[in-house]
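[1] A predicted structure for the sequence below; I have some questions about it.
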Amino acid sequence: MKKIVLIEDDTDLYSLIQYNLEKEGFQLVGAQTGKGALELCRRERPDLIILDIMLPDTGGLEICRSIRAHPDLANVPVIFLTAKATETDRIVGLELGANDYIVKPFFVRELVARVKIHFRGQTPAAKVLRSGELEVDRARCIVKLGGREVTLTATEFRLLEFLMSRPGVVFSREQLLDAVWGHDRAVIDRTVDVYILRLRQKIEQEGGPAFIRSVRGFGYSFNVEVPQEQFQ
């Protein structure tokens, strides 16, 4: 089931969109304020975001800019909803990273149709990640090493899953904090080092492969040299 985040301050419109999308089989979560929208998206990891531009607190354009700058949300499709219909408004919205731009008032059936278009031809994300003897079941939040379950905290699991799903990509401590802990955090960048150390102690064995690679002066990445597979 595809998950959609809806950020819309009009209560009646929010309810109407929610009803019609859920009727079509989508899972919908959301808010009627811009405050905390980025954290909501980071936590829910949606397949698509529907975003009103004119919100009472944080503007939709600014939220979209933050979404596109977030390593874990950068590729999530964004559909703008707005009463701003000029050519300039459309261009600005699209240049900020929106995938679609729907002007109010609109037919809800058109919105549903456009949502469906964004999911055409998409390959479902792998539910299970494997690298050597390490296995991460994303749906059940279970990690196994050599067939034996490894006990991780929720934060350790998110950190491992984030790195493992992007093998070879080097992330700075700041990027990992944003992706795993979120922007509304009360931790410092060295916290990442502590959690990386804990993960290594739990998933790496003496003489075995080094799953997490340190890149001096940059950050960390999941070792692309360990044979990896993805299973649905």
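    All right, it came through fine. Numbers count the residues shown, from 1 in each chain.

[2] measure residue 74 to residue 68 for me?
    To residue 68, residue 74 is 6 Å away according to CB to CB, to the nearest Å. Backbone N, C-alpha and C define where each C-beta goes, glycine included.

[3] more neighbours: which of these two?
    The residue with more neighbours, out of residue 74 and residue 68, is residue 68; 15 against 10, by other CB atoms under 10 Å.

[4] so which helix or strand takes in that one?
    Assigning secondary structure by DSSP states H and E places residue 68 in helix 60-69.

[5] listing partners with orientation, what would you give for the helix or strand just after that helix?
    As assigned by DSSP H and E, the chain's next helix or strand after helix 60-69 is strand 78-82. Strand 78-82 has its sheet partners listed here by DSSP bridges as strand 48-52 (parallel), strand 100-103 (parallel).

[6] contacting residues around strand 78-82?
    8, 48-54, 60, 64, 67, 89, 93, 97-104, 106, 111, 114-115, 118 (CB atoms under 8 Å, 6 or more residues apart in numbering).

[7] what's the answer for stretch 165-182, then?
    38-39, 42-43, 70-72, 126, 129, 131, 155, 158-159, 162-163, 185, 187, 189-193, 215, 218-224, 228.

[8] same check on stretch 58-69?
    Under CB under 8 Å, 6+ apart, the answer for stretch 58-69 is 7, 33-35, 37-38, 41, 49, 51-55, 73-74, 76, 78, 80, 82, 92-93, 96-98, 183.

[9] JSON lines for the strands paired with strand 78-82, including mean pLDDT, distance to residue 141 and mean neighbour count?
    Listed next are those as JSON lines, based on pLDDT from 0 to 100; distance: least, CB to CB, whole Å; neighbours: other CB atoms under 10 Å:
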{"stretch": "strand 48-52", "mean pLDDT": "93", "distance to residue 141": "23", "mean neighbour count": "24"}
{"stretch": "strand 100-103", "mean pLDDT": "88", "distance to residue 141": "32", "mean neighbour count": "17"}
